[in-house]
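Asker: What follows is a predicted protein model with its sequence.
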Amino acid sequence: MATLLVKFTDERQYDAVTARIIYADPTTNRWNNVFSKLVLGDNCIFHSSNNKLYVGEFTSSVPNVSVTFSKIRVADIKLDKVLRINALTPETLSEFKRPNGPILKENTIDVNLIYNAAVHSSFISFYVVKLGSEDLLLPSLIEGDRVITVDDNRIINLYKKENGTLAILNLGNDYFKASGKSLPELKEIMTDLEKPHHIATIQRIEQGLANSNFYKFPSFTAYYNVMHNRGVFSQIPTSGGGSTNTIDDNINNMPFNMPLNTILYGPPGTGKTFHSITHAVAIVDDKNPDELIEASKTEAGRKAIKDRYDFLFEAGHIAFTTFHQSLSYEDFIEGIKPLKPTPGQTMLYDIVDGIFKKICDKAEECVSANIIQRSSFEDALEQLEADWRVNPNMSFELTRDNKSFTINEFKSKNIPFKKASGGTPQSLSKKTLSDLYLGTRKSFPSSLEIYYKSVLDKLKSYTPLVPEGINKSDSKPCKVVLIVDEINRGNVSQIFGELITLLEPDKRIGEKEEIRLMLPYSKKKFGVPSNVYIIGTMNTADRSVEALDTALRRRFSFIPMMPDYSGLSEACDGVNLKLLLQKLNERLTVLKDRDHTIGHAWLWNTTSIDSLRLAFKDKIIPLLQEFFYNDYEKLGLLLGDRFIQTEITVNNNLFAPFERGSGLKNQYANKAIFKITEPSSWNSEAFQSIYL
């Protein structure tokens, strides 16, 4: 008996009445290599992106058209938990995360065990334990739990709890890639490959071993990433034999997990709005925002990010708005607006979508288009590879000199080929081909333009295999971002109304607790798609923070944006800007609080004493005056004598004669009235006096 594993994309092929799945797939090579090998009694396991597991039996087929499975049983379960079912041996089925096509496993998989485990939540766990402490952990383990031993920070063995004891699980070096490596070595590997979320997992392992002699992985994905990830480790020389082939590993390429609702908060001048653009681009492009923040520290890097932002903004993937007291539900969601009347007509009105409604509509539209296009590219690429495997000598014509070239092989991320002119083999990036195919990239890489064009023309010659009317939720959705600057300055209950509930991740469209509400004007049902991200910015020095809606607070993740002194000059015409800002913020923390410090952005582009003087005159000192409501004595304690001077000293002769008074005027005797010194006097020595 064999078992067919399928990542399900069109759940309409499941008929609940007859408990059957009629799976349509006319791909020739799949029929030859997979479906033609099915026999009566073989099993199937389907998993959909709607987090449903289908198991059943093969019953019949129509060659090159469809296969039918009956006795289908369905369970609600996320894929990560499917891969925590012991009977599947999840380490060897990681490709089920996103297979290139249906997978036929010749070895028997008991689908009854799989189904029962899913229904009864019988999921195994994954541990790392210090060598010698296994017996202490053993009583708390269940059958099938995995345990990795570590001796002096070096990975030793992988065990499986079996019949009450720990038995070595021998998957071979091709699967247990971390075997023999130390935790510091793993961190170094992940650092070289720029895998920050993998590094964070290893650091948590180290902390767990230090605190309690063991660490429990929160998910199969976290366990796989650092212990078995062939997509990562295949790029490292392998000791002790084993395969070094790269696989197309979805787990390895998982994007940075950005919360759906985020607020960047901090004092003024810390770059909240600046970095909201960076975070938005990172979300849409599936990048780690920390990497883009680092890149934005250079002028060229920032320009590239801003250019990308402008492109995504024009394409409707990013929208920007600012909250203020006058903003209303009608502006943000939908409202009745007057239309410009033609001569002789009375005033007409129409229901107009607000910025949030528009971005949600864009998200759903984006998902629909993305499914069709992305699936079409993947199918075309699969057909090309299938044709090549039948005829490895197939040639690709060039647009000049009547020359052609051939492909050497298909790898997980690129397609190596040999140039028509000979020489060193080159390769075409699958990601670049995808971007060109989908139209998200307009220009060809200059050095290989004619080669990309030739392969792209071939890909576009194939007929897309995506069924019409495919379910919108069956593909990885593209992402859209709404940036809300000064989110705390708006009246949240007035702007969101009853829709604030829909912001919660589990209330989004497609989630288990999905909620749709009836809009008051259009009378249409409305929900928030799961690919809509909101980034707010919040100035903690703004007094409106205290009144920030509690309902909003608990639906958002908060990311602090505090002063960062690392990028400031230490030699700006003799002034150490780093020490200058640090000293000011130390004093502000005492005189006010941390929320009323000064951000590094005020001095970021300061390169001369003139630009420093201008920054203080136009930005920093006006801000400090607002902080202290013209309490110049505190300003004096903050800035010193070179910036605050006495304007007048009060004496009794200032006041009008008033003999019947109680001596009030004596309280003002010798009172000093201060003022800011002339900016022209602020030289290098004056600024140095703040911190020396």
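Answerer: Nice, I can see it.
Asker: At which residues are the helices of the stretch 1-150 of the chain located?
Answerer: Using DSSP state H, counting those that start in this stretch, the helices found in the stretch 1-150 of the chain span residues 28-33, 79-82, 111-119, 134-137.
Asker: which residues are contacting the second one?
Answerer: In this case it means helix 79-82. 47, 51, 53, 88, 96-97, 114, 118, 121, 123, 219-221 (CB atoms under 8 Å, 6 or more residues apart in numbering). Backbone N, C-alpha and C define where each C-beta goes, glycine included.
Asker: what about the closest residue to Asn393 other than its chain neighbours, which SS state?
Answerer: Spatial nearest neighbour of Asn393, chain neighbours left out: Thr406 (6.1 Å); criterion: CB to CB, 6 or more residues apart in numbering. Following DSSP: H, G, I helix; E, B strand; the rest coil, we place Thr406 in the strand state.
Asker: And Asp610, by the same measure?
Answerer: Classified using three-state DSSP, Asp610 is helix.
Asker: re earlier: to Tyr629, which of the helices of the stretch 1-150 of the chain lies closest?
Answerer: Closest to Tyr629 of the helices of the stretch 1-150 of the chain, according to CB to CB: helix 79-82, at 54.2 Å.
Asker: Give me the buried positions along that closest one.
Answerer: Neighbour-count burial for helix 79-82, counted by 16 or more other CB atoms under 10 Å, picks out 79-82.
Asker: got it, and stretch 145-152?
Answerer: Buried-residue list, stretch 145-152, by 16+ other CB under 10 Å: 145-150.
Asker: Please apply the same query to stretch 192-202.
Answerer: If you call a residue buried by 16+ other CB under 10 Å, then stretch 192-202 has these buried ones: 193, 195, 197-199, 201-202.
Asker: One more: stretch 158-173?
Answerer: Neighbour-count burial for stretch 158-173 [16+ other CB under 10 Å]: 158-161, 166, 169, 171, 173.
Asker: again, but for stretch 574-592
Answerer: 575-582, 584-585, 587-588, 591-592.
Asker: again with stretch 38-55
Answerer: Within stretch 38-55, the residues scored as buried using 16+ other CB under 10 Å are 38, 42-49, 51-55.
Asker: Among these, list the two that are farthest apart in space.
Answerer: Leu38 and Asn51 (25.9 Å).
Asker: and Ala117, how many residues sit next to it?
Answerer: Applying other CB atoms under 10 Å, we find 24 other residues in the vicinity of Ala117.
Asker: Skipping adjacent residues, who's closest to it in space?
Answerer: Ile85 (4.5 Å).
Asker: cool, and Glu291?
Answerer: Glu194 (7.2 Å).
Asker: Check Tyr452 too.
Answerer: Take Tyr452 and drop its neighbours on the chain: the residue closest to it by CB to CB, 6+ apart is Phe444, 4.9 Å away.
Asker: Now that neighbour: which helix or strand?
Answerer: Counting by DSSP states H and E, there is no helix or strand that carries Phe444.
Asker: Please report how far it lies from Pro343.
Answerer: Using CB to CB, to the nearest Å, Phe444 is found at 53 Å from Pro343.
Asker: likewise Ser140?
Answerer: On the measure of CB to CB, Ser140 and Pro343 end up 82 Å apart.
Asker: Which of these two has more residues huddled nearby?
Answerer: The neighbour comparison of Ser140 against Pro343 (other CB under 10 Å) goes to Ser140, with 11 against 4.
Asker: ok, now which ones touch the more buried one?
Answerer: If a contact means CB under 8 Å, 6+ apart, then Ser140 has no contacts.
Asker: neighbouring contacts of stretch 217-229?
Answerer: By CB under 8 Å, 6+ apart, stretch 217-229 touches 80-81, 83-84, 90-91, 94, 125-128, 146, 148, 155, 158, 171, 175-178, 186, 190, 195, 197-198, 201-202, 205, 232, 249, 251-252, 254.
Asker: So which of these sit within strands?
Answerer: Judged by DSSP state E, the subset of the contacts of stretch 217-229 located in strands is 126-128, 146, 148, 155, 158.
Asker: Could you export the residues you listed as JSON lines, including distance to Ile293 and pLDDT?
Answerer: As requested, these are exported to JSON lines (distance: CB to CB, whole Å; pLDDT from 0 to 100):
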{"residue": "Phe126", "distance to Ile293": "32", "pLDDT": "93"}
{"residue": "Tyr127", "distance to Ile293": "34", "pLDDT": "94"}
{"residue": "Val128", "distance to Ile293": "31", "pLDDT": "95"}
{"residue": "Arg146", "distance to Ile293": "36", "pLDDT": "94"}
{"residue": "Ile148", "distance to Ile293": "34", "pLDDT": "94"}
{"residue": "Ile155", "distance to Ile293": "32", "pLDDT": "92"}
{"residue": "Leu158", "distance to Ile293": "37", "pLDDT": "92"}
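Asker: and which of those is nearest to Tyr349?
Answerer: Ranked by distance to Tyr349 (CB to CB), the ones in strands among the contacts of stretch 217-229 are led by Phe126 at 60.2 Å.
Asker: I'd like to know how many residues surround the closest one.
Answerer: The burial count assigned to Phe126 is 22, neighbours taken as other CB under 10 Å.
Asker: Quick check, it in contact with Ile142.
Answerer: No: using CB atoms under 8 Å, Phe126 and Ile142 do not qualify as a contacting pair, with a distance of 12.0 Å.
Asker: Pretty sure Val128 sits against Ile205.
Answerer: Yes: with contact defined as CB under 8 Å, Val128 reaches Ile205; the gap is 5.2 Å.
Asker: Pull up the overlap in contacts between these two.
Answerer: Listed as contacting both Val128 and Ile205 by CB under 8 Å, 6+ apart are Tyr215.
Asker: follow-up on the earlier one: identify the farthest-apart pair in the buried residues of stretch 192-202.
Answerer: Maximum pairwise distance among the buried residues of stretch 192-202 (CB to CB): 13.7 Å, between Leu193 and Thr201.
Asker: quick one: contacts of stretch 281-298?
Answerer: So stretch 281-298 is contacted by 194, 196-197, 255-256, 258, 274-275, 278-279, 301-302, 304-305, 308-309, 312, 317-318, 478-481, 533, 535, 567 (CB under 8 Å, 6+ apart).
Asker: on that earlier part again, any idea what the residue nearest to Asn393 is bridged to?
Answerer: Judged by DSSP bridges, the bridge partners of Thr406 are Ser395, Lys418.
Asker: From Pro416, how far out is it?
Answerer: For Thr406, the distance to Pro416 equals 10 Å [CB to CB].
Asker: Tell me, how many residues neighbour the residue nearest to Asn393?
Answerer: Other residues close to Thr406 by other CB under 10 Å number 14.
Asker: For it, give me its contacts.
Answerer: Residues near Thr406 by CB under 8 Å, 6+ apart: 392-396, 417-418.
Asker: Who wins on neighbours among the residues you listed?
Answerer: Going by other CB under 10 Å, Phe417 tops these with 20 neighbours.
Asker: nearest residue to that one other than its sequence neighbours?
Answerer: Ile407 (4.9 Å).
Asker: who's in contact with that neighbour?
Answerer: The contact partners of Ile407, by CB under 8 Å, 6+ apart, come to 388, 392, 394, 396, 415-417.
Asker: Closest one of those residues to Arg489?
Answerer: For those, the nearest to Arg489 is Ile415 (51.7 Å; CB to CB).
Asker: Now intersect the contacts of stretch 281-298 with the strands, please.
Answerer: Using DSSP E, the contacts of stretch 281-298 in strands are 318, 480-481, 533, 535.
Asker: got a markdown table for those, with pLDDT too?
Answerer: Listed next are those as a markdown table, based on pLDDT from 0 to 100:
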| residue | pLDDT |
| --- | --- |
| Ile318 | 91 |
| Val480 | 90 |
| Val481 | 93 |
| Tyr533 | 93 |
| Ile535 | 93 |
